[in-house]
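# Mind folding the following:
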Amino acid sequence: MSKKKAFALRMDENMMKAIEKWSADEFRSTNGQLEWIIRESLKKAGRLPKGDSSNPELV
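Numbers count the residues shown, from 1 in each chain. Okay, here's the model as predicted:
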């Protein structure tokens with residue numbers, strides 16, 4: 001399992017509410033949903049590090 005780094009993220013209240021709703025709809029934690037959104041964006045942009053299999057469920 002890869003090492004995770006914690007950091008603070010400031011976000012618009014309405015955007016956070018939308019992410020919380022989306023995560024509940026997908027049966028994920030809010031943190032898990034944010035990780036999934038970021039991973040998908042990195043993958044789509046071709047910026048996901050090669051061989052990144054830190055969480056195969058998210059790939």
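# any idea how far the residue nearest to residue 32 when sequence neighbours are not counted is from residue 29?
Using C-beta to C-beta, 6 or more residues apart in numbering and skipping residues adjacent in sequence, the residue nearest residue 32 is residue 23, 6.8 Å away. Backbone N, C-alpha and C define where each C-beta goes, glycine included. Separation of residue 23 from residue 29 (C-beta to C-beta, to the nearest Å) stands at 6 Å.
# again, but for residue 4
Distance of residue 4 to residue 29, given as C-beta to C-beta: 13 Å.
# Check which residues of the helix with the most length in the chain are buried.
Taking DSSP state H as the criterion, the chain has its longest helix at helix 30-44. Of the residues in helix 30-44, 33, 34, 35, 36, 39 count as buried by neighbour count, 16 or more other C-beta atoms under 10 Å.
# Quick check: mean pLDDT of that helix?
Mean pLDDT, computed over helix 30-44, is 96.
# Mind checking which of residue 4 and residue 29 has more residues around it?
residue 29 (12 against 9; other C-beta atoms under 10 Å).
# what's near enough to touch that one?
Going by C-beta atoms under 8 Å, 6 or more residues apart in numbering, residue 29 touches residue 23.
# Could the C-alpha coordinates of the longest helix of the chain be exported in PDB?
Provided in PDB are the C-alpha atoms of helix 30-44 (Å, rounded to 0.1, in the frame of the first residue of the first chain):
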ATOM      1  CA  THR A  30     -15.800  12.000   0.800                       C
ATOM      2  CA  ASN A  31     -12.000  11.500   1.000                       C
ATOM      3  CA  GLY A  32     -12.300   8.400  -1.200                       C
ATOM      4  CA  GLN A  33     -14.400  10.300  -3.700                       C
ATOM      5  CA  LEU A  34     -11.900  13.100  -3.900                       C
ATOM      6  CA  GLU A  35      -9.100  10.600  -4.500                       C
ATOM      7  CA  TRP A  36     -11.100   8.900  -7.200                       C
ATOM      8  CA  ILE A  37     -11.900  12.300  -8.900                       C
ATOM      9  CA  ILE A  38      -8.200  13.300  -8.900                       C
ATOM     10  CA  ARG A  39      -7.000   9.900 -10.100                       C
ATOM     11  CA  GLU A  40      -9.500   9.900 -13.000                       C
ATOM     12  CA  SER A  41      -8.400  13.500 -13.900                       C
ATOM     13  CA  LEU A  42      -4.700  12.500 -13.800                       C
ATOM     14  CA  LYS A  43      -5.500   9.400 -15.900                       C
ATOM     15  CA  LYS A  44      -7.500  11.400 -18.500                       C
END
